[in-house]
Structure formats: C-alpha cells, structure tokens
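Trainee: sequence below, structure please.
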Amino acid sequence: MSAQTAISPLSSLEYFPYLDSTGCINEDIQGKIGVYAIFNQEKIMQYVGYSRDVYLSLKQHLIRQPQSCYWIKLQTIDRPSRKILDDIATAWISENGITPEGNDSKISVWNDPIDANPTMTEEEKAQYQQSDELGQTKIRKKVARRVEAEIQQQLSDRGVKMNIRFNPKLKEKGLLDLK
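Mentor: As a prediction, the model looks like this:
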C-alpha cells in the first residue's frame, strides 16, 4: 500500500466538531473523497460511511439524524477506490468493537431519504384515500413540508446556520432529501 492508501487507525485520528463555530460543516472538506465516522455528543460511534464528497454526505446525515451528529473522524484519499474506502470503513468498525446501529439495524435512517408519509394524520389519510392522483400528490407534499419544518426547527435548535434545501420533486412522493 502506498502512503495515500494506508489505513489510519481510528484511535489515531482527531475528533472534529460536526459543526464549526459558525454553525456550518467545514467547507474545506467539500469535494474530498474519504471515510468518515460520526459520533454523538458522548463520542459514541453512530455510523461509518465513505463518499466521493464527504461534505455532501455529512450534510445529508445531519438532516436525517441531527441528534446523532456531533463529532467526526475523517480520512481522505486522493483517488476514488471503493475497495480502499471499504477497507478503511471495515477496519474502523472492527476497531470500534461493535457495529454502530447506523451500519446495522438503522442503516436506512442514515442512508435513505426521509419518508414523511407515515406521519400523515388520520384526517390526511382519509383525504388521501378519497383523492385522485393529483390530490394525493398535494397531500404528500403538505405532509413533507410539515416534516421539513420540523427538521428545520431541529437543525436551528442545534445551531445549524448553513443553507438546507430539500429536493422539491421528492416532496411530491412524500420524501425529503437534499437537493
């Protein structure tokens, strides 16, 4: 292995705050390829992932799991290699001693768009059943917007100051993900 692909032990890496003093994710990691471990307030590992743009991935995780994203550890590489990234992630999870829930039983809440549909009220469900396709789309969008407002409030409570824009097309399906 060359120096650029050596696996840094998780214990040798510094913890970085998820959000900087301005309420943003550090923009220096925009466009960086790497592996990251996400930790909660108590520095308990929640998730290990890798990405061709660590910044965008961290932003997605923050909207999906705002109360679990307080600290990160990161190793970047120069050129994309799924095998190298996977090897680093596997080594870190092994070093941690237990697989974090985000890589096990809660993998979908860390990786998939937020599904607002289950939060429909009984009234909305009744309206949905009686509506045509256009009416159903409007109800899904309304529910998605309500959940989006709740997420925006959670992020604001966390001190997040960066611009968060959700994909408007996905709202029509009752889903929330970043644009």
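
Trainee: quick check: longest helix of this protein.
Mentor: The helix spanning the most residues in the chain, taking DSSP state H as the definition, is helix 133-158.

Trainee: what's the helix or strand following that one packed up against?
Mentor: Remark: after helix 133-158, the chain's next helix or strand is helix 168-171, criterion DSSP states H and E. Applying 3 or more C-beta pairs under 8 Å, 6 or more residues apart in numbering; DSSP states H and E, one finds that helix 168-171 contacts helix 133-158. To be clear about C-beta, it is placed using only N, CA and C from the backbone, and glycine gets the same treatment.

Trainee: which elements pack onto the helix it packs on?
Mentor: Using 3+ C-beta pairs under 8 Å, 6+ apart, helix 133-158 is in contact with helix 54-64, helix 122-130, helix 168-171, strand 175-176.

Trainee: and the average pLDDT for the longest one is what?
Mentor: Read that as helix 54-64. Mean pLDDT, helix 54-64: 97.

Trainee: what angle do it and helix 133-158 make?
Mentor: 100 degrees (axes from the mean of the first three to the mean of the last three C-alpha atoms, to 10 degrees).
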